[in-house]
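Student: Generate a structure from the sequence data that follows.
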Amino acid sequence: MKNVLIIEDEAKIARFLELELKHEGYETTLALDGRTGYEEAQSDQYDIIILDLMLPQLNGMEICRRLRNDDIRTPIIMLTAKDDISDKITGLDMGADDYMTKPFAIEELLARMRVALKHAQQTGEGQQEDLLKIGELALNKSHHKVSYGEEEIILTKKEFELLEYLMQNKNIVLSRDMILQNVWGYDYEGDTNVIDVYIRYLRSKIDQRFDKEIIRTVRGVGYQIKEAKEQ
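Tutor: Numbers count the residues shown, from 1 in each chain. Have a look, this model is predicted:
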C-alpha cells in the first residue's frame, strides 16, 4: 500500500483528495500548511507527495526546492489554481515530477500518480543496480565513485574497473587470466604482473588505509574480494 502526503490548505479539496485516494487503496496523511507539510515530508516515509502551490507559511515552490536540496527524491505532483506556463516551468525546474491545474479530474490525477510512482520505482531499481556494496565499501557505477563508510576513495580509471570486476564477483576466486581478459581485454599483450601491481594499488587505498583485509590473495589461483576482516 502506497503512502501519500497531501499538502493542501483548502479544506474541501484536501478532504476530497483524502477520500478519493483512500477509496483507491492509498494511505494518506494531510498537512494544511506549508511548514507542517515540509516537516512531514522530511521524514522521507512517503511514496508520493501531492503539493499545492499557494500555501500559508511556506509555499509549494519553496517546499519542493528544500526537499530536493535535502536529497529527498519522493515524487511530487504540484497543484495550482494558476494556469501560467512560467509557474509550471518553475515548478518542474524546482524538482516537481508533474503539474496539474485546478480544477482537475481525479481520474487524471490518479493516472499521473501511477506514472510518477512507476518512474520512481524504475529509477530506484536502476540506482540499486548501479551500486555495488561489500560491507562499508561501496562502488557507484553511474557516478564513478568509491567510498568506505563516509570517506571517498579516489581511484584511477583502471583501478576503478578492477575493483568493479572484483565486487561484481564477490566471494569468487578470480584467476589472473580471468581478470586480465575482463579488465584489460582479450587483446592485451602486456605482462600479467600488471594485475599484481594494480592489486597493490587498491590495497594501499582500501585495505591499508582503513586497516581491513578485503582483497585477498588465493595462492596459486588469483584474487578474491570478501567482507572485511580486521588486520
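Student: following the lowest-mean-pLDDT helix or strand in the chain, which helix or strand comes up?
Tutor: When the helices and strands of the chain are scored by mean pLDDT, DSSP states H and E, helix 85-93 comes last with a mean of 73. Using DSSP states H and E, the helix or strand that follows helix 85-93 in sequence is strand 98-101.
Student: which other helices and strands contact that following strand?
Tutor: In terms of contacts (3 or more C-beta pairs under 8 Å, 6 or more residues apart in numbering; DSSP states H and E), strand 98-101 is packed against strand 76-80, helix 85-93, helix 106-130. Backbone N, C-alpha and C define where each C-beta goes, glycine included.
Student: Mean neighbour count, these: which tops it?
Tutor: strand 76-80 (a mean of 23; mean count of other C-beta atoms under 10 Å).
Student: contacting residues for the closest residue to residue 140 other than its chain neighbours?
Tutor: Once flanking residues are discounted, residue 140 sits nearest to residue 131: 5.5 Å by C-beta to C-beta, 6 or more residues apart in numbering. For residue 131, the contact set (C-beta atoms under 8 Å, 6 or more residues apart in numbering) comprises 138-141.
Student: quick one on the thing from earlier: quick check: which of the helices and strands packed on strand 98-101 is nearest to residue 43?
Tutor: strand 76-80 (14.8 Å; C-beta to C-beta).
Student: Direction included, what does that closest one pair against?
Tutor: strand 48-52 (parallel), strand 98-101 (parallel) (DSSP bridges).
Student: what's that strand in contact with?
Tutor: Contacts for strand 76-80 (C-beta under 8 Å, 6+ apart): 8, 13, 48-54, 60, 64, 67, 87, 91, 95-102, 104, 109, 112-113, 116.
Student: what's the average pLDDT for stretch 135-151?
Tutor: Taken as a whole, stretch 135-151 carries a mean pLDDT of 88.
Student: just stretch 39-54 next, same as before
Tutor: 91.
Student: rewinding a little: going by distance to residue 21, which of the contacts of residue 131 wins?
Tutor: After measuring the contacts of residue 131 against residue 21 - C-beta to C-beta - the closest member comes out as residue 140, at 34.7 Å.
Student: Least reliable of the helices and strands packed on strand 98-101 by average pLDDT, please.
Tutor: Taking the mean pLDDT of the helices and strands packed on strand 98-101, helix 85-93 comes last: a mean of 73.
Student: any idea whether residue 28 is helix, strand or coil?
Tutor: With DSSP: H, G, I helix; E, B strand; the rest coil as the basis, residue 28 sits in strand.
Student: and it, what does it touch?
Tutor: By C-beta under 8 Å, 6+ apart, the residues touching residue 28 are 3-6, 17-18, 21-22.
Student: Give me the buried entries from those residues.
Tutor: Taking 16 or more other C-beta atoms under 10 Å as the criterion, what is buried in the contacts of residue 28 is 4-6, 17-18, 21.
Student: now these in CSV, with distance to residue 213?
Tutor: Shown next, in CSV, are the buried ones among the contacts of residue 28 (distance: C-beta to C-beta, whole Å):
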residue, distance to residue 213
4, 47
5, 45
6, 51
17, 55
18, 55
21, 52
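Student: From those, which land in helices?
Tutor: Secondary-structure check on the buried ones among the contacts of residue 28 using DSSP state H: residues within helices are 17-18, 21.
Student: ok, how many other residues are close to residue 199?
Tutor: Residue 199: 22 surrounding residues under other C-beta atoms under 10 Å.
Student: Residue 96 now?
Tutor: Count around residue 96 with other C-beta under 10 Å applied: 25.
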